[in-house]
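Engineer: With the input below, show me the fold.
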Amino acid sequence: MHRRIKEGALKAHTNAIKPDLTDENKKTRLVFCLSSVTRSLSNGSPVFHDMFNVVHIDEKWFYLTKPSKRYYLVLDEDELYRTCKSKKFITKVMFLAAVARPRYDSSGKAKRSSKNHVAGTLETKPILSVTKEVTRSWLIEKVLPAIRSTWPGNHTGPIYIQQDNAKPHIDVNDAEFKLEASKDGFDIRLGFQPPNSPDLNVLDLGFFRAIQSLQEQEVLGLIDELVSAVKSSLERMPSHELNKVFLTLQTCMKEIMKVRGGNNYKIPHIGKGKLERQGNLPLQIECDENLIYEALSYLSHGHEEKVTPNLLVLKEKKEKELVMEEMNSVLSFVEHSYWQSWTVVYTSFFPQPHILDQNTTWFTEFSPPPSAFHLPPDQQVFLFVMKTLCQAFESLIVEAVGAV
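Structural biologist: Numbering: from 1, shown residues only. Below you'll find the model as predicted:
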């Protein structure tokens with residue numbers, strides 16, 4: 001097998017189990033992705049929203065250690081001695097993370113407006129269970145103050161906190177949260193991501209994995225050490241890496257639309273590192289109008305009304321374009337067929353060869369040669385009838401196109 005891999009006949013593949021989605025889940029995911037599409041300010045083409053006004057939150061367990069880890073030792077160094085009462089119950093800590101897309105100034109540096117916090121002694125207390133009351137206190141006492149202290153002062157409009165559908169999460173209309181979220185002139189709102197959709201949250205999509213890879217490089221023995229290691233890993237994570245994850249989220253939304261809300265897709269690679277080095281990293285990923293139309297057509301009417309109005313206008317425009325294309329193809333076919341019929345009839349009445357100009361738009365533009373007016377009356381009548389029929393047919397087609 002190793003030889004086959006070196007030859008290129010086989011390749012290693014890591015397969016991860018994905019959530020099982022119902023038809024309703026797929027449609028909800030599709031609506032969510034469509035609702036993230038807007039118009040580009042430069043050329044008016046469809047693009048995904050820049051997502052600067054969205055804060056992604058999620059919880060994750062970080063473990064003190066793993067049952068098996070690889071270490072690199074010098075030749076005379078002793079092997080580490082690690083113990084645990086049970087491999088099934090390794091000490092772990094749950095972290096609530098909240099991230100927003102980084103903003104950059106004209107020089108390419110990340111903007112920061114955070115206030116200095118007073119340093120203190122870290123104190124950890126166990127929580128027996130995470131309930132709605134605990135989640136509400138986290139949001140009000142931790143997340144909201146962090147948003148107020150770090151958010152740019154020139155921002156306008158609402159700020160959305162996106163959370164998953166875990167049971168301890170509070171409702172979007174929670175009265176206590178809404179009261180706190182409207183203080184100091186802020187308009188902060190809660191929102192749910194689609195069920196069974198970790199690929200629509202930047203933390204699950206890649207940021208947690210990046211933090212965990214840094215944290216696992218540390219040798220830890222105490223809970224406080226684990227907390228400090230995770231916090232330092234978050235601080236060491238470059239802001240441009242988080243920006244890349246937000247772009248990956250937009251590319252995933254595009255793929256989700258292609259598979260009609262499913263998750264049976266490969267995360268596309270657009271070479272973000274190379275584009276960043278060249279200074280060509282996009283702020284927003286473009287979305288094809290045909291893809292949007294296909295996604296809107298797939299949705300039922302009950303879901304369409306949840307989509308932004310500008311996309312529904314785009315769908316109506318696309319439908320008219322398709323009807324016009326089909327009408328034009330019909331016109332071309334009919335014109336060609338009538339031209340062939342006219343040629344057959346014309347040559348049968350005029351045995352001498354005559355030059356017929358097929359570049360004319362309609363047969364009504366064709367004028368018979370002067371010799372035609374010296375024909376017998378019955379043949380002149382026939383030519384008149386044919387020309388009248390062509391004019392009538394043209395009028396019907398024009399009326400049909402106008403009705404569209």
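Engineer: Run through who's touching stretch 228-236.
Structural biologist: Taking C-beta atoms under 8 Å, 6 or more residues apart in numbering as the criterion, the residues outside stretch 228-236 that touch it are 62, 93, 95, 97, 122, 211-212, 214-215, 218, 220. The C-beta positions use only the backbone N, C-alpha and C, and glycine is treated the same way.
Engineer: try stretch 129-141
Structural biologist: Residues from elsewhere that reach stretch 129-141, judged by C-beta under 8 Å, 6+ apart: 57, 59, 94, 96, 127, 161, 168-170, 174, 176-177, 180.
Engineer: What mean pLDDT does it get?
Structural biologist: Confidence over stretch 129-141 (mean pLDDT, whole number) is 91.
Engineer: re earlier: mark which of the contacts of stretch 129-141 are part of helices, please.
Structural biologist: Mapping these onto helices (DSSP state H) picks out 176-177, 180.
Engineer: Turn those residues into TSV, including distance to Thr83 and pLDDT.
Structural biologist: What follows is those, written out as TSV (distance: C-beta to C-beta, whole Å; pLDDT from 0 to 100):
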residue	distance to Thr83	pLDDT
Glu176	44	95
Phe177	43	95
Glu180	45	94
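Engineer: neighbour-wise, which of these leads?
Structural biologist: Taking other C-beta atoms under 10 Å as the neighbour criterion, Phe177 ranks highest of those with 22 neighbours.
Engineer: quick one: that residue from Trp138, how far?
Structural biologist: According to C-beta to C-beta, to the nearest Å, Phe177 and Trp138 sit 11 Å apart.
Engineer: just Tyr81 next, same as before
Structural biologist: When distance is defined by C-beta to C-beta, Tyr81 is 37 Å away from Trp138.
Engineer: So between those two, which is more surrounded?
Structural biologist: Counting neighbours by other C-beta under 10 Å for Tyr81 and for Trp138 shows that Trp138 has the greater number, 18 against 5.
Engineer: and the gap between that one and Ala97?
Structural biologist: When distances are taken as C-beta to C-beta, Trp138 and Ala97 turn out to be 11 Å apart.
Engineer: I'd like the ones in helices among the contacts of stretch 129-141 as a markdown table, with distance to Glu24 appended.
Structural biologist: A markdown table is the format used below for those (distance: C-beta to C-beta, whole Å):
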| residue | distance to Glu24 |
| --- | --- |
| Glu176 | 30 |
| Phe177 | 27 |
| Glu180 | 33 |
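Engineer: that older thread, okay, the contacts of stretch 228-236 in TSV with pLDDT and neighbour count next?
Structural biologist: Formatted as TSV, these follow (pLDDT from 0 to 100; neighbours: other C-beta atoms under 10 Å):
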residue	pLDDT	neighbour count
Phe62	89	20
Val93	88	16
Phe95	88	17
Ala97	90	17
Leu122	49	10
Ile211	87	23
Gln212	87	16
Leu214	84	16
Gln215	86	20
Glu218	83	14
Leu220	83	19
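Engineer: Any idea how many residues pack against the residue nearest to Pro198 when sequence neighbours are not counted?
Structural biologist: Excluding its sequence neighbours, the residue lying closest to Pro198 (C-beta to C-beta, 6 or more residues apart in numbering) is Asp204, at 3.7 Å. The burial metric for Asp204, expressed as a neighbour count using other C-beta under 10 Å, is 17.
Engineer: Ramachandran coordinates for Leu73?
Structural biologist: Here is the backbone geometry of Leu73 (degrees, to the nearest 10): phi -120, psi 150.
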